[in-house]
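> sequence plus predicted model, see below.
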Amino acid sequence: MHEKVILVIYGRGGHKEQMRRLLNELKKKSPNLQFVSIADVDDQFGSLLHYKCPEPRDKFNVWSAPFKIPYSAFISLIQCIRLVAKYKITGIVSTGPGMAVLPSVLFRLLGKQVVYIESWSRFYSASLTGRFMYYVSTVFYVQNESMKKLFSRAKYRGRL
Amino acid sequence: MNIFVTIGHTRFDSLFKKIDTYQRDDWNFVFQMYDGEYMPKSGVSIRYTDNIDEYYDNADVVITHAGAGTVYHLLEIGKPIIVVANSDRIDTHQEDLIRYVEDNHFAQACRNLDHLEGLLNNVNDFEAVKYHSEPFLAGIDIAKILKLID
């Protein structure tokens, strides 16, 4: 109870791979790193407490959006309340996808830090999640220098 | 020629259907097809593997979906690849990666499945530019922002 932890949010495929690499980097700097997590897959990385949340956007079916987005938002709201009640969370770091937006807004309202890393597959166009997270996050990273044209305040420090 | 086809955690049945139309005895396919419904007929199929590097090692060329994790890894190990846009998906973010690979001549890119057979025929003639990764240096900054270290 009340250990200092971070909340990491990721999703299947590339989002997970980027989070795996990011956690490796963070563990090099902070070997005792403890974290809780939300993802649309089972825990992959040894989280203290992991919640599975459905990704709000279905990339194969655009018509399901009006049903899936409120459902996903409701689930992640409940999950965030539980996490905040149980752990002293200093902030969020996410590599996307869209399920990161609502928890990030909640944590900003609680005065917490939110770090967002725009997908490494973006070179010339912004992701929808990235466009939201640019305004929601406290620090916003891009993984390709060319993305600074779209996100002028973003930081570029290499690719995961 | 041993050809490994990988689509990561996506669905891409139209790719396998297209490959099944090829009439080439000298092309040996292995397919990683995740949760696709269409079972490819022109080679061995697996759903998923945790030892994908073994499949890469056994292949002369890898046909991959435009998933960045897969593509960067294949470029890092210097494998000849053909990056295919997954037209079965709604999102367009694959286009960014394909354009990057194409503009820098790191690999052959395929936007239209009708062109894939031609790209396979061209594998030995394509001269790829060597890819160099750009290491991520923000770990320390993020650890500080999140108060993991002082």
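Looks like it arrived, so ask away.

> can you map out the helices along chain B?
Taking DSSP state H as the criterion, chain B contains helices spanning B:13-19, B:52-57, B:68-76, B:94-103, B:116-121, B:139-145.

> brain fart, chain A
In chain A, helices defined by DSSP H lie at A:14-29, A:65-86, A:101-109, A:128-136, listed in chain order.

> just to revisit the earlier point, columns distance to chain A on top of the helices of chain B, output as CSV?
(Each C-beta comes from the backbone N, C-alpha and C, glycine too.) Formatted as CSV, the entries for the helices of chain B read as follows, by distance: least, Cβ to the nearest Cβ, whole Å:
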stretch, distance to chain A
helix B:13-19, 11
helix B:52-57, 12
helix B:68-76, 4
helix B:94-103, 4
helix B:116-121, 21
helix B:139-145, 3
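
> adding distance to B:K130, write those helices out as TSV.
Shown next, in TSV, are the helices of chain B (distance: least, Cβ to Cβ, whole Å):
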stretch	distance to B:K130
helix B:13-19	27
helix B:52-57	17
helix B:68-76	9
helix B:94-103	13
helix B:116-121	20
helix B:139-145	26
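
> thinking again about what came up before, want to throw the helices of chain A into CSV with distance to B:K147?
Supplementary listing: the helices of chain A in CSV, determined by distance: least, Cβ to Cβ, whole Å:
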stretch, distance to B:K147
helix A:14-29, 12
helix A:65-86, 16
helix A:101-109, 13
helix A:128-136, 19
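
> out of these, flag the one nearest chain B.
Closest of the helices of chain A to chain B is helix A:14-29, at 3.4 Å (criterion: Cβ to the nearest Cβ).

> name the residues that touch that closest one?
A:8, A:10, A:33, A:35, A:39, A:41, A:44-45, A:93, A:95-97, A:117, A:119-121, A:160, B:8, B:67-69, B:136, B:138-140, B:142-143, B:148-149 (Cβ atoms under 8 Å, 6 or more residues apart in numbering or on different chains).

> state the distance from A:R122 to chain B.
A:R122 sits at a distance of 5 Å from chain B (criterion: Cβ to the nearest Cβ, to the nearest Å).

> ok, now which ones touch that residue?
Taking Cβ under 8 Å, 6+ apart as the definition, contacts of A:R122 comprise A:130, A:142-144, A:147, B:93, B:96.

> hang on, the earlier thing: the helices of chain A: lowest mean pLDDT?
Out of the helices of chain A, helix A:65-86 stands lowest, with a mean of 87 (criterion: mean pLDDT).

> check whether it comes near chain B.
No - for a cut-off given as Cβ under 8 Å from any Cβ of the partner chain, helix A:65-86 has no contacts with chain B; the smallest distance is 10.7 Å.

> roughly how far out does stretch B:26-44 sit from the chain middle?
Relative to its parent chain, stretch B:26-44 has a centroid offset of 14 Å by Cα atoms, centre = their mean, to the nearest Å.

> quick one: end-to-end length of that stretch, please.
The first and final residues of stretch B:26-44 sit 15 Å from each other (Cα to Cα, to the nearest Å).

> quick one: buried residues of that stretch?
Neighbour-count burial for stretch B:26-44, with 16 or more other Cβ atoms under 10 Å in any protein chain shown as criterion, is recorded at B:27-34, B:36, B:40, B:42-43.

> got a list of what the most centrally placed residue in chain B touches?
In chain B, the centroid-proximal residue (Cα atoms, centre = their mean) is B:T64; its distance is 1.8 Å. Listed by Cβ under 8 Å, 6+ apart, the contact partners of B:T64 are B:5-8, B:70-71, B:74, B:81-84.

> which one of those sits closest to chain A?
The closest of the contacts of B:T64, once distances to chain A are taken by Cβ to the nearest Cβ, is B:G8, at 5.7 Å.

> which ones are touching the spatially closest residue to the closest one that is not a sequence neighbour?
If the residues on either side of it in the chain are set aside, B:G8 comes closest to B:G67, at 4.4 Å by Cβ to Cβ, 6 or more residues apart in numbering or on different chains. By Cβ under 8 Å, 6+ apart, the contact list for B:G67 reads A:13-14, A:121, B:7-10, B:94.

> for those, which two are the farthest from each other?
Within these, two members stand farthest from each other by Cβ to Cβ: A:S121 and B:I7, at 14.9 Å.

> the more surrounded of those two?
B:I7 (26 against 23; other Cβ atoms under 10 Å in any protein chain shown).

> check what pLDDT the more buried one gets.
Here the pLDDT value assigned to B:I7 is 94.

> my guess is it contacts B:D35. True?
No - under the criterion of Cβ atoms under 8 Å, B:I7 is not in contact with B:D35, lying 9.9 Å apart.
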